[in-house]
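**Q** Got a sequence here, can you build the structure:
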Amino acid sequence: MEYQPSNNSSWVWRRICRVKQIIAAGYVDGVLDVQHTGYTPAGCYEWLKGAGVTVQWFRAVWNDWVVPKHQFMGWLFAHGALRINDKLLLYGLDIDDKCYLCGKAAKCMDHVFFGCSYSKQHIMEWCVDRQGSKLQKGVQAAVGMGAIYHVWHQRNCSENDCVLMVPKRVAELIIAEIGLRVRRRDEKDLTIGDKDWLKTMNLL
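**A** Numbering: from 1, shown residues only. Down below sits the predicted model:
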């Protein structure tokens, strides 16, 4: 526990040793004090992570119905980490401030996903006002995350390849992807009401 890495040690090794020192501070008489049962990887991780705050978007992004690649994009969106024009301009890049989806002069994330006429053509309507059973809310959130993914993908296609898919086709792709995820589930876990709802949404 007293070991200290030398100055010429690698960055990775120094980081590992730093975590080791943090963990060492939690031990009292050979027992990790915060657990009272000794060391376990899960308990140590929870202790290192600390008490966090559950954000509002957590259940929308991290639920079982969301396609993994959509989850990652939704996570970036929730953190405001997508490189929209206004962010790129901060880096000093010489770019056009127009929206690559509708062609109007708007460059912020709110416009791309909620104000743009392209996105508003029934693509982004799933992202708000989720209602229904737990399953229905989860599936609606999944479609919302799919909409974020595909709107961003179309924005990049328009910028890089000058190709833009019509909104109706994008909506069909989203439904197809979420429907595939739904159909992989065991129908025994679905109530009659949920089955009927999924069928009306062309997801089952």
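
**Q** Which parts of this protein belong to which domain?
**A** The chain breaks down into these domains under automatic domain parsing: 11-49, 58-200.

**Q** mean confidence for the longest one?
**A** This predicted structure assigns domain 58-200 an average pLDDT of 82.

**Q** thought residue 84 was touching residue 109?
**A** Yes - look at residue 84 against residue 109 with Cβ atoms under 8 Å: they come within range, at 4.8 Å. Yep, even glycine has a C-beta here, placed from its N, CA and C like the rest.

**Q** which ones are touching the residue lying closest to residue 57 once chain neighbours are set aside?
**A** Spatially, and ignoring its direct neighbours in sequence, residue 57 is nearest to residue 78 (4.4 Å; Cβ to Cβ, 6 or more residues apart in numbering). Residues near residue 78 by Cβ atoms under 8 Å, 6 or more residues apart in numbering: 55, 57, 61.

**Q** got the phi/psi numbers for the second one?
**A** Summarising the backbone geometry of residue 57 under the convention degrees, to the nearest 10, its torsions are phi -90, psi 0.

**Q** Check which helix or strand residue 97 maps to.
**A** For residue 97, there is no enclosing helix or strand under DSSP states H and E.

**Q** how many neighbours does it have?
**A** 13 (other Cβ atoms under 10 Å).

**Q** Restricted to buried residues, select the contacts of residue 78 in PyMOL.
**A** In PyMOL, this line selects whichever of these come out buried by 16 or more other Cβ atoms under 10 Å:
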select buried, resi 61
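
**Q** so how far is residue 9 from residue 15?
**A** Between residue 15 and residue 9 the computed distance is 10 Å (Cβ to Cβ, to the nearest Å).
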